[in-house]
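Enquirer: Dropping the sequence and predicted coords here.
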Amino acid sequence: MPHLTIEYTANLEHRLDVPALIDTLHATAASIEAFPLAGIRTRAVRLAHFRFADGHPDNAFVHLRLRIAHGRSLAVRRAAGETLFAALTGFLQPILDDSPLAISFEIEEIDAELNFKYGNIRDYLARRGN
């Protein structure tokens with residue numbers, strides 16, 4: 001159940017290819033053995049209203065949050081985090097080279113007792129041969 005949420009400041013919109021960033025992070029997550037493809041969801045949220053650091057209009061940030069089911073070891077979580085963070089920072093490096101940008105990433109474990117799911121995506125993936 002890896003769910004990736006990318007938050008980005010609106011002032012990046014003209015320089016950030018959001019669909020390509022989603023594709024990059026989704027493919028990276030899919031390459032991690034501990035993450036089942038059927039559970040991966042990747043989305044981006046544009047932050048229209050924000051204030052960052054000294055409030056200069058050029059200041060921007062991208063924050064990635066990964067929510068995963070409880071139970072993976074610290075070593076697995078750390079390796080997955082390092083892989084995803086490398087993909088994120090690599091993608092954003094051209095923007096970082098030109099302008100003030102903060103990049104952050106956190107991993108949250110979802111409480112197993114409070115995690116409810118319902119759906120048929122696994123059936124469809126099986127029929128498609130994935």
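Expert: Arrived safely.
Enquirer: Can you list the buried residues in the top helix by length along the chain?
Expert: Secondary structure of the chain per DSSP state H: the longest helix is helix 74-98. Buried residues in helix 74-98, counted by 16 or more other CB atoms under 10 Å: 80-81, 84-85, 87-88, 91-92, 95. (C-beta placed from N, C-alpha, C; glycine too.)
Enquirer: swap in stretch 60-67?
Expert: 60-64, 66-67.
Enquirer: List the contacts of it.
Expert: Contacts to stretch 60-67, defined as CB atoms under 8 Å, 6 or more residues apart in numbering, come from residues 1-9, 11-12, 16, 25, 29, 50, 52, 80-81, 84-85, 88, 92, 95, 99-110.
Enquirer: Mind putting the buried residues of helix 74-98 into CSV with distance to Ile121 and pLDDT?
Expert: Shown next, in CSV, are these (distance: CB to CB, whole Å; pLDDT from 0 to 100):
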residue, distance to Ile121, pLDDT
Ala80, 21, 96
Gly81, 25, 97
Leu84, 21, 98
Phe85, 27, 98
Ala87, 23, 98
Leu88, 25, 98
Phe91, 26, 98
Leu92, 29, 98
Ile95, 33, 97
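Enquirer: Low-confidence stretches in this structure?
Expert: Along the chain, the model assigns pLDDT under 70 to residues 130.
Enquirer: Make TSV from the buried residues of stretch 60-67 and add secondary structure to it.
Expert: Converted to TSV, the buried residues of stretch 60-67 look like this (DSSP: H, G, I helix; E, B strand; the rest coil):
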residue	secondary structure
Ala60	strand
Phe61	strand
Val62	strand
His63	strand
Leu64	strand
Leu66	strand
Arg67	strand
